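J.: Could you work out the structure for the sequence below:
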Amino acid sequence: MNLNINLRKSVYLMLVLALGTLNSCDDSVDTNPLTATDIDPSFTITPVEGAMNTYLLTASTKGVILSKWDTGDGASVGKMNQVISLPDAGTYTITHTAVGAGATMATASKEIVVAQTDPAKGNLVQGGTFATAADQAKWTNAKLSASGVAFWSFGANGATIYSPGGWAQEGIYQAIEVVKDREYTIDMTVSCPSGLKETFFEVYAGKSVPKPGVEYKDNKVMGLSTWDGCGTSKFSGRLSGVGCVKNDATGTVSNVVKFSESGKIYLLIRSGSNATGNEPITVTKVEFRGK
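T.: Next up, the predicted model:
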């Protein structure tokens, strides 16, 4: 009997102490210790020796667990030591978004002035911004959607692909002259205001001539695919950063291409969807450059 009484007293005392501790909590104490409060987004810019218009961006590591970089085409996840190439002359604003614990973010920006265009890395794409009628005339409709329900619309902000679903797709392309065994990089700015469902956006650099009504499949280089896990939330940035489609030649996510002979190839962009209600995808600043 005494044992039971003593046990009850002990339990009661423990409850009193626990309640007393809870009541004495200081409301000023951070209730989420996993949220960062001191993130340093600063970074340095160092020209890479021996590489024209190439720079090393080095982020501070204080409180930073993830870095996002924006060179003017939208932010994408990168490394804390990020190498960038700016082939064309101009003034660029580089923005670093430092992400800390609890998804807390801070940003910092710096400018880079590029005095001269790199002659070895000139853009071989014509009309890559789609901004004018002359730009738009450089592109040919692939005519993959016989009914026209999937279509591209050109404007000052770029080229926009609309697909109503039901696997409707459409493509655009242009011919480009390449040199045997030289490496090239392909990139472009892509954006969509909301996440997509059952949608693909693919970029090809093939030798085969595109044919109306025939789905192009020659040498897929890069892209977006909701089945592969990208494009499922809103995005805006370089396709090389936000895409997840693997390069046919390398079997990895890469925007580098090389050809076994010199001559004409076709840069083709095609997109389509099986789902209804998707927002359209817009593309601009299409580039095809010597590496």
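J.: tell me the contacts of the spatially closest residue to K258 that is not a sequence neighbour?
T.: With sequence-adjacent residues excluded and distances taken as CB to CB, 6 or more residues apart in numbering, K258 is closest to E183, at 5.0 Å. C-beta: built from backbone N, CA, C; applies to glycine. Taking CB atoms under 8 Å, 6 or more residues apart in numbering as the definition of contact, the neighbours of E183 are 256-258, 290-291.
J.: which of these tops the neighbour count?
T.: Looking at these with neighbours defined as other CB atoms under 10 Å, the largest count falls to V257 at 26 neighbours.
J.: list the contacts for that one?
T.: Residues in contact with V257, defined by CB under 8 Å, 6+ apart, are 183-186, 205, 219, 221, 247, 249.
J.: Could you rerun that using 6 Å?
T.: When contacts are counted by CB atoms under 6 Å, 6 or more residues apart in numbering, V257 is found next to 184, 205, 221.
J.: just G241 next, same as before
T.: Residues near G241 by CB under 6 Å, 6+ apart: S76.
J.: pretty sure it is in a helix, no?
T.: Yes: membership of G241 in a helix is supported by DSSP: H, G, I helix; E, B strand; the rest coil.
J.: Domain map for this structure?
T.: Residue ranges for the domains of the chain, per automatic domain parsing: 43-117, 123-290.
J.: Make JSON lines out of those and add distance to T37 and mean pLDDT.
T.: What follows is these, written out as JSON lines (distance: least, CB to CB, whole Å; pLDDT from 0 to 100):
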{"stretch": "domain 43-117", "distance to T37": "8", "mean pLDDT": "93"}
{"stretch": "domain 123-290", "distance to T37": "27", "mean pLDDT": "97"}
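J.: tell me the most buried of those domains?
T.: Using mean count of other CB atoms under 10 Å, the stretch among the domains of the chain with the greatest mean number of neighbours is domain 123-290 (a mean of 18).
J.: end to end, how far does that one reach?
T.: When the termini of domain 123-290 are compared using CA to CA, to the nearest Å, they are 8 Å apart.
J.: just how off-centre is that domain within its chain?
T.: Its chain's C-alpha centre lies 14 Å from the corresponding centre of domain 123-290 when counted by CA atoms, centre = their mean, to the nearest Å.
J.: what do you get for stretch 85-96?
T.: How far stretch 85-96 lies from its chain's middle: 17 Å, per CA atoms, centre = their mean.
J.: In this protein, which residue is most central in space?
T.: In the chain, the residue lying closest to the centroid (CA atoms, centre = their mean) is V242, at 2.1 Å.
J.: Run through the bridge partners of the closest residue to that residue other than its chain neighbours.
T.: Of all residues not flanking V242 in the chain, F235 sits nearest, at 4.8 Å (CB to CB, 6+ apart). Here F235 shows beta-bridge partners C192, assigned using DSSP bridges.
J.: Can you name the residues that contact R270?
T.: Neighbour list for R270: 169, 171, 202 [criterion: CB under 6 Å, 6+ apart].
J.: Validate this expectation: the first one resides in a strand.
T.: Yes: inclusion of Q169 in a strand is indicated when three-state DSSP is applied.
J.: what ranges do the helices span in the stretch 51-200 of the chain?
T.: Here the stretch 51-200 of the chain has its helices, by DSSP state H, counting those that start in this stretch, at 133-136.
J.: Alright, I will stop here.
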